[in-house]
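Enquirer: pasting the sequence and the predicted model now:
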Amino acid sequence: MIPARYAATRFPAKLMQVLGNKTVILHTYDNTVATNLFDEVMVVTDSGIIFSEITSHGGKAIMSIKEHESGSDRIAEAVAGMPARAGMNGEVDIVVNVQGDEPFVQKEPLEKLLQVFHDEKVQVASLMQVLKEQQFIDDPNYVKVAVDKNNNALFFSRSPIPYHRDKLTSPVYYEHVGVYAFRKQALLNFTNWPITPLEAAEKIECLRYLENGVSLKMVVTEYMGVEIDTPEDLVRAASLLKA
């Protein structure tokens, strides 16, 4: 499922910006389909413009019924009424959330993400990649995640975490990549919880899981391209596309 909101705060209509010969959202959709990992790929949107962009190119899209605060809420509405399919212990399949602003989606990171669900204890998982450039570590548009030794998330923040107080150490900074996978019930539980204090302060939806005691298993990926959050990101993405 690809949640796609038209009225982005930092970069309005970013998903309809042209990147090479396609819009950002169409790149994301086509590249997700091309992984061949999923039974179905759908864009879930509040926008008739985005809906038409996907369906006019032969893709599948769903219009949201309600207004939603987060992409996870938007996806939960879409999957709530979908019939369960035979899966592990007869439970529903895994639902994967690929953000609409991830035009460089590749198979390997998504495959690694799905593999962690062989452990039945995993309810929610997400991707992260190492951040090395200080300008991105300091940039609040890049969400950082701190993890334990088993790669379970400890905290997500727009601030640099950990704070580098001891200059004799060399901390690793991870960027949270906005790709999630959930067991269906974990996703539905998320939508029934109110927005939590840390989530509201940081504007990071996955903090709602941590504040309700649900672990997030983080999976390291070495390459996810550029997430389109700002006009500058679009320029970087265009350069990457030409490389």
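Expert: In hand now; what should we look at?
Enquirer: tell me which helix or strand the residue in the chain sticking out farthest from the centre sits in.
Expert: Distance to the chain centre peaks in the chain at L168, reaching 33.8 Å (criterion: CA atoms, centre = their mean). Under DSSP states H and E, no helix or strand contains L168.
Enquirer: repeat that for H164.
Expert: Using DSSP H and E, H164 is not contained in any helix or strand.
Enquirer: let's number from 53 now, not from 1
Expert: From this message on, residue numbering opens at 53, which makes the last subject H216.
Enquirer: list the contacts of it.
Expert: When contacts are counted by CB atoms under 8 Å, 6 or more residues apart in numbering, H216 touches P223. Backbone N, C-alpha and C define where each C-beta goes, glycine included.
Enquirer: before we move on, what about A198?
Expert: With CB under 8 Å, 6+ apart, A198 has these contacts: A205, L206, F207, S209, I213, P214, Y226.
Enquirer: pLDDT wise, what is the second one at?
Expert: The confidence metric pLDDT takes the value 98 at L206.
Enquirer: any idea how far it lies from T80?
Expert: Between L206 and T80 the distance is 29 Å, computed by CB to CB, to the nearest Å.
Enquirer: now swap in the third one and tell me
Expert: When CB to CB is the yardstick, F207 and T80 sit 27 Å from each other.
Enquirer: who's more crowded, these two?
Expert: T80 (27 against 16; other CB atoms under 10 Å).
Enquirer: other residues contacting the helix or strand bottoming out on mean pLDDT in the chain?
Expert: Sorting the helices and strands of the chain by mean pLDDT, DSSP states H and E puts helix 123-132 at the bottom, at a mean of 84. Under the contact criterion CB under 8 Å, 6+ apart, helix 123-132 has outside partners 53, 55, 57, 94, 96-98, 114, 116-118, 120, 147, 149, 151, 230, 232, 234, 236, 239-240, 242-243, 257.
Enquirer: for I102, which non-adjacent residue is spatially closest?
Expert: Spatial nearest neighbour of I102, chain neighbours left out: A56 (4.9 Å); criterion: CB to CB, 6 or more residues apart in numbering.
Enquirer: er, P55 I mean
Expert: G123 is the one closest to P55 (CB to CB, 6+ apart), at 3.3 Å.
Enquirer: what's the longest strand in this protein?
Expert: strand 225-235 (DSSP state E).
Enquirer: so what's I189 up against?
Expert: Taking CB under 8 Å, 6+ apart, we find I189 in contact with L183, K196, P212, Y225.
Enquirer: give me the buried subset of those.
Expert: L183, K196, P212, Y225 (16 or more other CB atoms under 10 Å).
Enquirer: in strands, which of those fall?
Expert: L183, K196, Y225.
Enquirer: need the residues you listed in CSV with distance to T87, can you?
Expert: Shown next, in CSV, are these (distance: CB to CB, whole Å):
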residue, distance to T87
L183, 24
K196, 26
Y225, 27
